[in-house]
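prediction below, plus the sequence it came from.
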Amino acid sequence: MAGDVLLNQLAISELLTRFESLRLIPSKDGDVVLAGVIDFTASAHGCRTVTDSYEISVRVPAAYPSEVPVVHETGGRIPSDFHKLTGNALCLGSPFRLWLLTKQNPSFPNFMERVVVPYLYAYSLHEAGEAMPFGELRHGTLGLVDDLGEMLGASDPEIATAYLQAIRRKKRVSNKRPCPCGSGMRLGCCHNRKVNALRVALRSYFACRTSRET
């Protein structure tokens, strides 16, 4: 069974109170494993309210929040071609966004409410032939560009790409160049705080990934 420190960090008791049909499964590798039915009622972006249930399993790595949880839908309801990863795990969002979310708030009820439930809610609408409220993120580097653009309020892919290039440059160089938003001001007098914050977060994220791979 996972250690008490990780269970307390994840606020598992709070989670099991919120989702009464989930159960903690014994694990010998230090991970936290949950399985069962998740019941929810959700709505977003003007779409209709949905009340639904899914069978899921969740594995939270012992290295959490440096490593993000892996979630599977186990009832056979969600097909393999609907936003899934290798091994049929649910593609819950860009790895960077998920990592950032868990770093900022490692509480697992927060992860379930802000990540897992919206994914399931979106599929419920998709299954009914309705538009999904959150759009569809591209995979790989393009998905990272889209994600950073959303964080910076840039819906144009070219502007989002320019922001990514600014993030990759050194701070003192980027701040002297025009802000990608098109304001005509230098980045250092415009969106520098947001860009610098994401630069620090991305470096930490990639450093974390490199340390796991070596």
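Arrived safely.

break this protein into its domains for me.
4-127, 140-213 (automatic domain parsing).

what residue ranges in the chain score low on pLDDT?
Along the chain, segments meeting pLDDT under 70 span 1-6, 135-142, 208-214.

which residue ranges of it form helices?
4-10, 12-18, 95-104, 108-111, 117-127, 140-151, 157-168, 171-174, 192-213 (DSSP state H).

can you lay out those helices as CSV showing distance to Val50?
For glycine as for every other residue, the C-beta is placed from the backbone atoms N, C-alpha and C. Formatted as CSV, these follow (distance: least, C-beta to C-beta, whole Å):
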stretch, distance to Val50
helix 4-10, 26
helix 12-18, 17
helix 95-104, 22
helix 108-111, 20
helix 117-127, 5
helix 140-151, 23
helix 157-168, 30
helix 171-174, 43
helix 192-213, 32
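
ranking these by burial, who's on top?
helix 108-111 (a mean of 22; mean count of other C-beta atoms under 10 Å).

mind exporting that one as CSV, just the C-alpha atoms?
Output of helix 108-111 as CSV, limited to C-alpha atoms (Å, rounded to 0.1, in the frame of the first residue of the first chain):
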residue,chain,number,x,y,z
PHE,A,108,-5.9,14.6,-6.3
PRO,A,109,-9.5,15.8,-5.9
ASN,A,110,-8.3,18.9,-7.8
PHE,A,111,-6.9,16.7,-10.6
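
not counting its neighbours along the chain, what's nearest the residue positioned nearest the centre of the chain?
Nearest to the mean C-alpha position of the chain, by C-alpha atoms, centre = their mean, lies Leu98 at 2.8 Å. Excluding its sequence neighbours, the residue lying closest to Leu98 (C-beta to C-beta, 6 or more residues apart in numbering) is Val68, at 4.5 Å.

again with Ser43
Thr49 (4.1 Å).

may I have the phi/psi pair for that neighbour?
In terms of degrees, to the nearest 10, the main-chain angles of Thr49 are phi -80, psi 140.

correct me, but it touches Tyr121?
No. Using C-beta atoms under 8 Å as the test, Thr49 is too far from Tyr121 to be in contact (9.3 Å).

what touches both of the two?
Ala42, Ser43 (C-beta atoms under 8 Å, 6 or more residues apart in numbering).

grab the nearest non-local neighbour of the residue of the chain positioned farthest from its centre.
Centroid-distance maximum for the chain: Gly184 at 32.7 Å, with C-alpha atoms, centre = their mean. Excluding its sequence neighbours, the residue lying closest to Gly184 (C-beta to C-beta, 6+ apart) is Pro178, at 7.0 Å.

how about the contacts made by Ile167?
When contacts are taken as C-beta under 8 Å, 6+ apart, Ile167 is in contact with Leu148, Ser174, Val195, Leu198, Arg199, Leu202.

thought Tyr54 was touching Glu73?
Yes. Assessed by C-beta under 8 Å, Tyr54 is found in contact with Glu73 at 5.8 Å.

between these two, which contacts overlap?
By C-beta under 8 Å, 6+ apart, the residues touching both Tyr54 and Glu73 are Leu120.

rewinding a little: mind checking the domains of the chain for the one nearest to Pro133?
Comparison of those against Pro133 by C-beta to C-beta identifies domain 4-127 as nearest, at 4.0 Å.
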